[in-house]
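S.K.: Let me see the structure of the following:
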Amino acid sequence: NFHTEDKYNSTFNRYALAATFHLESKKKTLFRSLYAMASGSYEHDVLSRTRVIQLQRDSPQPLIQEEGESDAIFLPFRYMGWQKADGKPLNIFLKAFATFSAPSKILYNSLKIGADWSFDKNYGLGQVYDATRPLNPGSTVRPRKLSDIPATDQLAFYAEENLKIPLGGSKIELLLGIRGTQLLRLKNQGAMSHRTYWDPRGNIGWRLPSFLIAGKESFVKLTAGIGWHTKFPTVEQMYPDLIYQDLVQMYYYHNRPELRRMNLMTYVIDPANPNLKPARNLKWEVGLDVNIRGNRLNLTYFKENMTTGFRSETNYHPYIYKKYDVSGIKPQELIGPPSLEGLPYEILTELLGYSRYGNGSQTRKTGLEFTLSTVRVRQFYTRLTITGAWFRTVYRNS
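M.R.: Presented below is the predicted three-dimensional model:
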């Protein structure tokens, strides 16, 4: 029985668990608190689709998933195609940090030291379908199990010091921090293996002595900051799908479908870039915060420069294959698809390109952000807030 209706079905199941732990010291000693949390989730998602495929012309379909010579099959002009997407993502996150503060009556200080770990892995089957009856005829993509993609295993540890120092009638606020991040259990990613990326940052603020205007307190605050930020590549960028270059060596057409033949030379290319590195961004900023009788204006001017951004790069490589001459085949003598044995051929070389991710993109960004907020008008219970920004971004590929 041949069904004529397209079908679509989706199921989603998710299980999650989370726990937290918080400990605080009742005494004002060096140790102040400890916080820890753990969370995890597991999903099983299945999306199934069945569709009637009707073709208007011959559609050869390669099946081989290894490098070498093979014959493509010819799809029927009408068939029922089905496909199932099976995903089983597992996510685990652990985090813990402790806070410390040296007892002092003069200044405020707080030190935070912590670490976090995340694990993301999909144990699903991925795209499951009958390659001889594909839902997308003509596609050169082969099925790939999601479970074959390595997990994302990231470990980070950090420290942050917050210091407030009174200085006469003014106050200096200092924030210093550093974060180290490493990707664990990498596969074929030599540039990032066993390497920790450090992101230091620092902010300083100086609040000048307050002054009165018409009997109301006003103040001016100057700020500045600088820091690094590391952005790691995604799973798709580190472990892309294999690329299959199918070069046609022989294509013989006959009015009778059982006498047709297409022979291919298939090359399997792994586009993963072992030299791929994280994108590193350096940002610095200066700011001005002015409060006049409750009317507040905040200005921030900043610059960013990222020189190792991700981009798709085209790589070219020569591929050798045979080109058979089918002009000598006598169709009236065929009792099956023509044999390659004895057919004349020539050796050809074709230059083909494929894409992979690299660190060839630069982004320079300059900006000015502002916020103006007035005092609240009691008669209308309303205040006016105006926010805006000016950005100039330059993109460059190398």
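S.K.: Show me what the helix or strand of the chain with the lowest mean pLDDT packs onto, helices and strands only.
M.R.: Every helix and strand in the chain was compared by mean pLDDT, DSSP states H and E; the lowest is strand 211-213, with a mean of 86. Packing contacts for strand 211-213, counted by 3 or more CB pairs under 8 Å, 6 or more residues apart in numbering; DSSP states H and E, involve strand 216-231. All C-beta spots, glycine's among them, are computed from the backbone N, C-alpha and C.
S.K.: Would you give the sheet partners of the least confident helix or strand of the chain, along with the direction of each?
M.R.: strand 216-231 (antiparallel) (DSSP bridges).
S.K.: Tell me which helix or strand comes right after the strand it pairs with.
M.R.: Later in the chain than strand 216-231, the nearest helix or strand by DSSP states H and E is helix 235-238.
S.K.: Pull out the buried residues from that following helix.
M.R.: For helix 235-238, a neighbour-count test (16 or more other CB atoms under 10 Å) marks V235, Q237, M238 as buried.
S.K.: Reformat the residues you listed as TSV; add pLDDT and distance to D325.
M.R.: Formatted as TSV, those follow (pLDDT from 0 to 100; distance: CB to CB, whole Å):
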residue	pLDDT	distance to D325
V235	93	46
Q237	94	43
M238	94	44
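S.K.: closest to Q189 among these?
M.R.: M238 (5.9 Å; CB to CB).
S.K.: Does that closest one touch A191 like I think?
M.R.: No - counting by CB atoms under 8 Å, M238 sits too far from A191 to count as a contact (10.6 Å).
S.K.: Please enumerate the shared neighbours of the two.
M.R.: Overlap of the contact sets of M238 and A191 (by CB atoms under 8 Å, 6 or more residues apart in numbering) consists of L276.
S.K.: who does the helix or strand harbouring D45 touch, helix- and strand-wise?
M.R.: For D45, the host element (DSSP H and E) is strand 31-54. Using 3+ CB pairs under 8 Å, 6+ apart as the contact criterion, the elements in contact with strand 31-54 are strand 7-24, strand 78-87, strand 89-100.
S.K.: Could I get the buried residue list for the second one?
M.R.: If you call a residue buried by 16+ other CB under 10 Å, then strand 78-87 has these buried ones: Y79, M80, G81, Q83, K84, A85, D86, G87.
S.K.: Repeat that for the first one.
M.R.: Of the residues in strand 7-24, none has enough neighbours to count as buried (16+ other CB under 10 Å).
S.K.: Run a quick neighbour tally on L299.
M.R.: 15 (other CB atoms under 10 Å).
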